[in-house]
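# Structure for this input, please:
(chains A and B)
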Amino acid sequence: MEILLFGIINSVTLSLTALGFTLVYSISRLPNFAHGALYVTSGYIVWLCVNTLGLNYLLGIVVGIVATAIIGALMYRLIILRIRGMQISEIIATYAIGLAIIEGLRWGGLRGSTFTLPSFLAGSIEIGGIAVDHQRLFVLGSGVVVFAALGLFVKFTKTGLALKAIAQDERAAMMLGIDSDRKALVSFALGSGLSAFAAVLILPLGSIVVETGYNVLIYSIAVSIIGGLGSWGGAIVASFLIGFAQILTEVFLSTQYQMVISLLAIIVTLLLKPSGIFGKQKELDDRV
Amino acid sequence: MRKGFGKTVWTVLFLALCVGGFSGVAAAAEPPIVIGAPLATAFLYGWDAERGIKLAVEEINAAGGVNVGGKKRPFAVEVIDTRDLEPGVPVSEALLGVEKLILEKKADFIVGGPVRSEAALAAMDLLSKYRKVSILTTGVLTPAYHKKVEGNYDKYKYCFRITSHVGVMANEFITFLGEIKKGHGFNKVYIMVQDVEHARKGGEVMKKMLTDKGWDVADMKIYPTGTTDFSVGLRDAAQKKADILFLWMDMPESSILLKQWSTMKLKALPVGFVNAAEQPGFWKATGGEGEYLIVNLVNGGNAPAKITPWTMKFAKAYEKRWGLEPEGYGTSSSYMAVYTLKEAIEKAGTIDSDAVITALENVNLMGVYGKISFDKKSHQVIPSLDPAEGAVTSIVQWQKGKRVQVFPPKTAEGKTLLPPWMK
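Have a look, this model is predicted:
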């Protein structure tokens, strides 16, 4: 019961943090290495709204998500667009932006562990004799809602269908009149907004620290590679694989090997199935 | 009559300006003694050390400076960010910082860090090479530092440490836990430490010492830096009916652990070295869920307490200057290091390294956290549980938003309290 419960919570938390990264890559084939930095930025924006500007918490959250989405869109429009298609440059540019954001936040005063966001729900509940705090259950519920909402958005809205079309075949979508650059911009904004959404859900469990940005990026990459770059379903499955592997490691081995397990999973996946569990990249025979 | 009075006033003012001005010129004419401070300024142990050093320097300069062989010289501080507490930053960065302070900033003395043990140990060779006297004030809890001085005195005699180390802290914890054991009949400890060198070592030392003292150590969990969920370990501690949850962590995420501990109402009293819980802002950050946590601040005076007559004077001066109470480990020791250096320079009558080393070895100063004196062979500050005998620690418990000193007994201002769900 303990493994099941904490495994599910851990997995949903992981998939929430990785969702934005996967979404951007699946649509625009752009690896957003600033994903972790945007995650921390959104938390800090909400903190500033609430503690410095004195805004209502809910309003602060909305401002944080919208502002992060705008930052993502600007990133694409002002920098990424100019180097699109040059894969190494894309990686270097997004990573550099992420570093600049993180160092900027540190320089701007985000130091120490006293920057916190209040929980939406205080207290805990016992499930099968195991105490679980309400906030974690809220993260769980919100994660399920977000996955469902995103699925509906992609299936039933014009923008969603356009994004899906580009993700499936960019050239064909362009021939049908879909503006690839505009949709990539939308995907960047949406992905950044999703990272902000994950942040406002998860950060109240602890505190806003810049180093979190690096961890979020590492786990997002791990989830995306194992699931198959660009596959949303794969990302969710990979989140559950890593999430449960971490809990099992903690219960049966030792907590200090949790990160090792995640990174080992990447290596094993790349060895057995280079394109990831649900990846659609060409297999070795096709590539050579 | 009125004209004569006016003339007198102007004459007095002119003379006053001349005297003040010339004395100012005289003080300014003496070159400053440059203190180089290599610190990880993005972290508590760095920025609070910087504030402690600057406060002491400002006080000393306002009082006329340092008397070096009859001439008053001011202190000047040059701070460099070593970044050595940041993940992934190599030790070489900190070494470059130290070298820059010595060669470019012309530091006469090094006070503060480097903060990470690995960096500080590596910097000892640089200090030796450039013959720069250094007083380590923050971070670096490894006993290897003073053992290295003792092992090769001639080479490393320039290195002093005015703060504590794991060996002393473990003994303090054992004594403190012994009191709790006696008072409440506790016997089982569950250890949770961070996966970094000093924490793992601290955990291992504690496990061995607790076992030797008859405690039942249920388990020891090692968490990677950045862990955000401690549910499984806390639940395990509950199932094993631990009375004490012993923690040794310097990652900010340890506040999550304490929130979960409070939410789960775990019947184990949290005690340890927890960086996130040292700062005055911890209470607000956890919404009061960190209440009852007992944390070791390493040196007295890192939270307001009446240890010596200087302690509260320092706490008030710090609050006035920086707008908050002394923050945590590194604050009082960095402040005291500057005063100790002043004392040594004045006794030596020169800033020559060898003369200052001899003076530091013989220093005997009643400071913020007790008597400051160094072991002549290892240059480690001499610890004690009595401020009249040596440097004392500060073990505090969070009680109603305040850090209340509960150990050592001679400096305690309150009793250890148990959370309501443990009574």
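
# Residues of chain B that sit close to chain A?
Listed as neighbours of chain A in chain B under the rule C-beta under 8 Å from any C-beta of the partner chain: B:42-44, B:47, B:86-88, B:195, B:221-229, B:231-233, B:235, B:252-256, B:259-260, B:263-265, B:275-276, B:279, B:281-282, B:284-287. From N, CA and C alone the C-beta is placed, and that goes for glycine too.

# List only those of those residues flagged as buried.
Using 16 or more other C-beta atoms under 10 Å in any protein chain shown as the burial test, these include B:42-44, B:47, B:86, B:195, B:221-229, B:231-233, B:235, B:252-256, B:259-260, B:263-264, B:275-276, B:279, B:281-282, B:285-286 as buried.

# B:Trp248 belongs to a helix, doesn't it?
No: looking at B:Trp248 with DSSP: H, G, I helix; E, B strand; the rest coil, it is strand, so not inside a helix.

# which residues does it bridge with?
B:Val193, B:Phe273 (DSSP bridges).

# Can you tell me how far it is from chain A?
13 Å (C-beta to the nearest C-beta, to the nearest Å).

# Quickly note the distance from B:Leu247 to B:Lys423.
Between B:Leu247 and B:Lys423 the distance is 22 Å, computed by C-beta to C-beta, to the nearest Å.

# And B:Ala28, what's its pLDDT?
Per-residue confidence (pLDDT) for B:Ala28: 52.

# hang on, the earlier thing: neighbour count winner among B:Leu247 and B:Lys423?
Neighbours were counted for B:Leu247 and for B:Lys423 using other C-beta atoms under 10 Å in any protein chain shown; B:Leu247 has more, 28 against 8.

# Show the contacting residues for A:Val237.
A:227, A:277-278 (C-beta atoms under 8 Å, 6 or more residues apart in numbering or on different chains).

# Out of these, which is nearest to A:Ile221?
Using C-beta to C-beta, A:Gly227 is the member of the contacts of A:Val237 that lies nearest A:Ile221, at 10.8 Å.

# where exactly do the helices run in the stretch 51-200 of chain A?
A:57-75, A:81-83, A:87-107, A:134-156, A:158-168, A:170-175, A:180-202 (DSSP state H, counting those that start in this stretch).

# between the ones you listed, which one is nearest to B:Cys159?
The nearest among those, by C-beta to C-beta, is helix A:87-107 at 29.6 Å.

# Where does the prediction get shaky in the chain?
Looking at chain A here, since you left the chain open. Scanning chain A for pLDDT under 70 picks out the ranges A:280-288.

# wait, I meant chain B there
For chain B (pLDDT under 70), the answer is B:1-29, B:87.

# Nearest the geometric middle of it, what residue?
Central residue of chain B (C-alpha atoms, centre = their mean): B:Gly330, 2.4 Å from the mean position.

# How about it: what's its closest non-neighbour residue?
Nearest non-adjacent residue to B:Gly330, counting by C-beta to C-beta, 6 or more residues apart in numbering or on different chains: B:Thr138, 3.2 Å away.

# Identify the residues contacting that neighbour.
Taking C-beta under 8 Å, 6+ apart as the test, what B:Thr138 contacts is B:39, B:45-46, B:48-49, B:112-113, B:115, B:163, B:329-330, B:333-334.

# Adding distance to A:Ala100 and secondary structure as columns, could you present these in CSV?
Shown next, in CSV, are the contacts of B:Thr138 (distance: C-beta to C-beta, whole Å; DSSP: H, G, I helix; E, B strand; the rest coil):
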residue, distance to A:Ala100, secondary structure
B:Leu39, 23, strand
B:Tyr45, 25, helix
B:Gly46, 22, helix
B:Asp48, 27, helix
B:Ala49, 27, helix
B:Gly112, 28, strand
B:Gly113, 26, coil
B:Val115, 25, coil
B:Thr163, 35, coil
B:Tyr329, 31, coil
B:Gly330, 29, coil
B:Ser333, 35, helix
B:Ser334, 31, helix
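
# Turn the residues you listed into a markdown table, including distance to B:Gly414.
Listed next are these as a markdown table, based on distance: C-beta to C-beta, whole Å:
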| residue | distance to B:Gly414 |
| --- | --- |
| B:Leu39 | 32 |
| B:Tyr45 | 26 |
| B:Gly46 | 30 |
| B:Asp48 | 23 |
| B:Ala49 | 27 |
| B:Gly112 | 31 |
| B:Gly113 | 32 |
| B:Val115 | 30 |
| B:Thr163 | 24 |
| B:Tyr329 | 20 |
| B:Gly330 | 24 |
| B:Ser333 | 23 |
| B:Ser334 | 26 |
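
# Any chance of a ChimeraX selection covering the buried ones in these?
The buried residues among the contacts of B:Thr138 can be selected in ChimeraX (16+ other C-beta under 10 Å) with this line:
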select /B:39,45,46,48,49,112,113,115,163,329,330,333,334
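
# In this structure B:Met124 contacts B:Lys157, no?
No: with contact defined as C-beta atoms under 8 Å, B:Met124 and B:Lys157 do not form a contacting pair (10.5 Å).

# joint contacts of these two?
B:Val149.

# residue ranges of the helices in the stretch 51-200 of chain B, please?
Using DSSP H, counting those that start in this stretch, the helices found in the stretch 51-200 of chain B span residues B:91-103, B:117-130, B:144-151, B:153-156, B:166-184, B:197-212.

# Alright, calling it a day.
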